[in-house]
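**Student:** I would like to see how this sequence folds:
(one chain, ligands or ions: 1)
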Amino acid sequence: MNIAILGCGYVGLTTGLCFTEKGHKVICFDVDKAKLDLLQQGKLPIFEPGLEEIFKQAKEKGLLQATSDLSNAVKEADAIFIAVGTPMRQDKSIDISFVENAARQLGNELKEKQGFPVIVIKSTVVPGTTQEIVLPLLEQASGKKAGTGFGLCMNPEFLREGSAVKDFNEPDRIVLGCLGEKEKGLMQELYSAYNAPFVLTNLPTAEMIKYANNSLIATLISFSNEFANLCEKVPGVSVEDVLKAVHLDFRLNPIVGGKRLNPNILTYLRAGCGFGGSCFPKDLNALIHFSEKKGYSPELLKSVVGINQERAGHLVERLSKELGSLDGKTVGILGLAFKPETDDVRESQALKIIQSLLGKGTRVSAHDPMAVENAKRFFGSEAEKISFFGDLNSFLKEELDAMVLVTAWPQYREIDFATLGREVILVDGRGFFNREKLPENVRCVSVGFKP
Ligand SMILES: NC(=O)c1ccc[n+]([C@@H]2O[C@H](COP(=O)([O-])OP(=O)(O)OC[C@H]3O[C@@H](n4cnc5c(N)ncnc54)[C@H](O)[C@@H]3O)[C@@H](O)[C@H]2O)c1
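**Tutor:** Below you'll find the model as predicted:
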């Protein structure tokens with residue numbers, strides 16, 4: 001099949017590149033020339049484990065092109081994926097202007113296009129967007145009718161950054177909201193190479209499924225953090241121990257053939273410094289806003305967001321209690337990416353913690369193996385105030401009054417605190433370290449536990 005991808009970000013590039021592995025010809029278009037230049041020079045603009053290798057192979061096989069010419073991208077395409085960003089506006093509602101622009105530009109290109117191209121919305125959009133906004137824009141700009149001139153589909157993406165390639169190639173389900181039978185057939189053919197059940201539905205249900213999914217996961221995280229707050233009020237009770245026992249409930253963790261299944265969902269039932277990233281915060285806020293516009297106040301979701309918003313401040317407060325005052329102290333941050341195995345810092349709790357520390361007159365050193373450049377970009381002129389490290393050993397040589405672990409990069413397990421030869425105050429924002437196994441020179445402050 002010939003596939004065009006509009007938007008070369010984490011979702012667009014992963015989608016496009018993974019399709020080349022199935023032998024499809026993919027052409028990527030983006031409005032960001034810098035991204036296209038990088039792609040044309042054989043460089044990926046994002047880091048995602050495994051993607052580099054697929055990229056190399058796709059280029060060698062001649063299955064991948066990148067273009068700034070939309071007509072060229074759309075010319076031969078059987079399916080055209082819109083995977084542009086849908087960020088959060090100031091008022092926390094969803095900004096769909098990138099989707100609207102892409103739909104307008106694409107509609108214009110559809111005027112001259114032969115056949116029955118299928119337009120696929122991959123971006124996360126609130127229910128009704130594809131049907132009520134994208135469809136009329138495409139029809140107006142193309143002068144064609146959906147169902148005869150082109151097909152329309154909403155195909156939400158569930159990949160997780162850090163394991164995006166695996167998630168795309170081994171999906172748990174393929175959700176397809178389709179306007180008509182013809183596009184349903186084409187999409188099923190495209191995804192038949194993946195061993196996953198289809199959820200065939202209408203456009204707004206497909207949109208709602210994505211929000212329901214993210215809301216559930218975010219709820220588990222805030223639920224765990226609510227218990228962390230509560231456990232900190234009861235000396236001697238550790239949220240980690242409490243949740244470990246909850247994980248053994250066989251309704252959450254069934255025993256099959258005498259063995260625990262340990263489902264991945266349990267990894268979200270853990271206390272820490274809260275969720276970040278480009279999806280959960282913006283998607284929950286978008287849904288709350290959407291819901292209120294529809295006349296329903298989603299109290300549970302509002303609490304999920306509210307609890308999460310307190311996390312960065314809460315961690316800084318605990319640190320401040322350990323250090324007395326934060327003014328003039330030097331604090332080291334372990335991890336800048338919003339989660340391990342990505343260079344994405346969008347809505348990362350680390351950045352919020354750093355902002356708060358800088359505001360209190362604290363000097364900050366920060367380490368991350370992948371995300372330093374993106375963090376520097378985020379801080380702009382303020383970046384000068386922070387000492388950034390990509391190399392862990394150099395970071396550990398800094399004279400630090402305390403360290404805060406924010407991103408659970410596996411290499412942090414290898415830190416030999418004993419060799420640092422001084423007392424280390426370590427705030428563990430992810431329940432990452434086993435307190436009992438840490439050497440004596442470490443004073444560990446754990447989320448959800450007060451001795
Ligand atoms: N990142 C994730 O883990 C993830 C997972 C599932 C769903 N999503 C959703 O997928 C969508 C994309 O997310 P992302 O993280 O890949 O975003 P991103 O910001 O990494 O990439 C979006 C890209 O779209 C480009 N773009 C903007 N307007 C365009 C236009 N008119 N034509 C072509 N390109 C245009 C931007 O230049 C950018 O390169 C969002 O709606 C997001 O919520 C993201």
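**Student:** relative to the ligand, how far out is Glu299?
**Tutor:** Using C-beta to the nearest ligand atom, to the nearest Å, we find Glu299 at a distance of 24 Å from the ligand. Yep, even glycine has a C-beta here, placed from its N, CA and C like the rest.
**Student:** do the same with Ser365
**Tutor:** 28 Å.
**Student:** contact partners for that residue?
**Tutor:** Thr330, Val331, Gly332, Ile333, Ile386, Ser387, Phe388, Phe389, Phe395, Glu398, Leu400 (C-beta atoms under 8 Å, 6 or more residues apart in numbering).
**Student:** which positions in this protein make contact with the ligand?
**Tutor:** 6-12, 29-32, 35, 83-86, 98, 101-102, 105, 123-124, 157, 159, 161, 278-279 (C-beta under 6 Å from any ligand atom).
**Student:** buried ones among those residues?
**Tutor:** Among the residues of the chain next to the ligand, those buried by neighbour count (16 or more other C-beta atoms under 10 Å) are 6-12, 29-31, 35, 83-86, 98, 102, 105, 123-124, 157, 159, 161, 278-279.
**Student:** mind checking which of the residues you listed are in helices?
**Tutor:** Cross-referencing those against helices under DSSP state H gives Tyr10, Val11, Gly12, Lys35, Phe98, Ala102, Gln105.
**Student:** out of the contacts of Ser365, flag the one nearest to Asn285.
**Tutor:** Ile333 (25.1 Å; C-beta to C-beta).
**Student:** give me the beta-bridge partners of that closest one?
**Tutor:** According to DSSP bridges, the partner residues bridging Ile333 are Ala366, Val404.
**Student:** that one touches Ala350, doesn't it?
**Tutor:** Yes: with contact defined as C-beta atoms under 8 Å, Ile333 reaches Ala350; the gap is 5.7 Å.
**Student:** what sits in contact with each of the two?
**Tutor:** Taking C-beta under 8 Å, 6+ apart as the contact rule, Ile333 and Ala350 both touch Ala366, Val406.
**Student:** for the ligand, what's its nearest residue on the stretch 1-150 of the chain.
**Tutor:** Closest approach of the stretch 1-150 of the chain to the ligand (C-beta to the nearest ligand atom) occurs at Gly9, with a separation of 1.8 Å.
**Student:** give me the phi and psi for the spatially closest residue to that residue that is not a sequence neighbour.
**Tutor:** Leaving aside its chain neighbours, Gly9 sits nearest to Gly85 (6.3 Å; criterion: C-beta to C-beta, 6 or more residues apart in numbering). With angles defined as degrees, to the nearest 10, Gly85 sits at phi -70, psi 150.
**Student:** repeat that for Ser320.
**Tutor:** Main-chain torsions, Ser320, degrees, to the nearest 10: phi -60, psi -40.
**Student:** look up how far the ligand lies from it.
**Tutor:** 33 Å.
**Student:** got a list of what that residue touches?
**Tutor:** Leu326, Lys360.
**Student:** quick check: it vs Lys302, distance?
**Tutor:** Ser320 sits 28 Å away from Lys302, going by C-beta to C-beta, to the nearest Å.
**Student:** tell me how far Ser356 lies from Asn308.
**Tutor:** Counting by C-beta to C-beta, the gap from Ser356 to Asn308 is 15 Å.
**Student:** those two: who's more crowded?
**Tutor:** Between Ser356 and Asn308, counted using other C-beta atoms under 10 Å, the more crowded position is Asn308 (22 against 18).
**Student:** was I right about the more buried one contacting Phe275?
**Tutor:** Yes: using C-beta under 8 Å, Asn308 is in contact with Phe275, at 5.8 Å.
**Student:** tell me, what's touching these two both at once?
**Tutor:** By C-beta under 8 Å, 6+ apart, the residues touching both Asn308 and Phe275 are Ala218, Ile221, Ser222, Pro281.
**Student:** SS state for Ala66?
**Tutor:** strand (DSSP: H, G, I helix; E, B strand; the rest coil).
**Student:** how deep is it tucked in, by neighbour count?
**Tutor:** 22.
**Student:** quickly list what it is bridged to.
**Tutor:** Going by DSSP bridges, Ala66 forms beta bridges with Cys28.
**Student:** got a list of what it touches?
**Tutor:** Counted by C-beta under 8 Å, 6+ apart, Ala66 has contacts Cys8, Ile27, Cys28, Phe29, Asp30, Leu36, Leu39, Gln40.
**Student:** any idea how far the third one lies from Lys450?
**Tutor:** Separation of Cys28 from Lys450 (C-beta to C-beta) stands at 51 Å.
**Student:** more neighbours: which of these two?
**Tutor:** Between Cys28 and Lys450, Cys28 has the larger neighbour count (other C-beta under 10 Å), namely 25 against 14.
**Student:** quick check: domain ranges of this protein?
**Tutor:** For the chain, the domain assignment from automatic domain parsing gives the residue ranges 2-201, 217-446.
**Student:** and those as JSON lines, adding mean pLDDT and distance to Lys210?
**Tutor:** Formatted as JSON lines, the domains of the chain follow (pLDDT from 0 to 100; distance: least, C-beta to C-beta, whole Å):
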{"stretch": "domain 2-201", "mean pLDDT": "97", "distance to Lys210": "4"}
{"stretch": "domain 217-446", "mean pLDDT": "97", "distance to Lys210": "8"}
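**Student:** residue boundaries of the strands in the stretch 301-450 of the chain?
**Tutor:** 330-334, 363-367, 386-389, 402-405, 424-428, 442-446 (DSSP state E, counting those that start in this stretch).
**Student:** now the fifth one against strand 330-334, angle please.
**Tutor:** Translated: strand 424-428. 40 degrees (axes from the mean of the first three to the mean of the last three C-alpha atoms, to 10 degrees).
**Student:** in its sheet, which strands sit next to strand 424-428, and in what direction?
**Tutor:** Short version: by DSSP bridges, strand 424-428 pairs with strand 402-405 (parallel), strand 442-446 (parallel).
**Student:** ok, and what's touching the longest one?
**Tutor:** Under the criterion C-beta under 8 Å, 6+ apart, residues 238, 240, 318-319, 322, 417, 423-428, 431, 433, 435, 438 lie in contact with strand 442-446.
**Student:** now do the contacts for Val118.
**Tutor:** Asp78, Ala79, Ile80, Phe150, Gly151, Leu152, Cys153, Lys182, Glu183, Leu186, Met187.
**Student:** neighbours of the first one, how many?
**Tutor:** It refers to Asp78. Asp78: 18 neighbours (other C-beta under 10 Å).
**Student:** compute the distance between it and Gln188, please.
**Tutor:** 13 Å.
**Student:** at which residues are the strands of the stretch 51-200 of the chain located?
**Tutor:** 64-67, 79-82, 118-121, 151-154, 174-178, 198-201.
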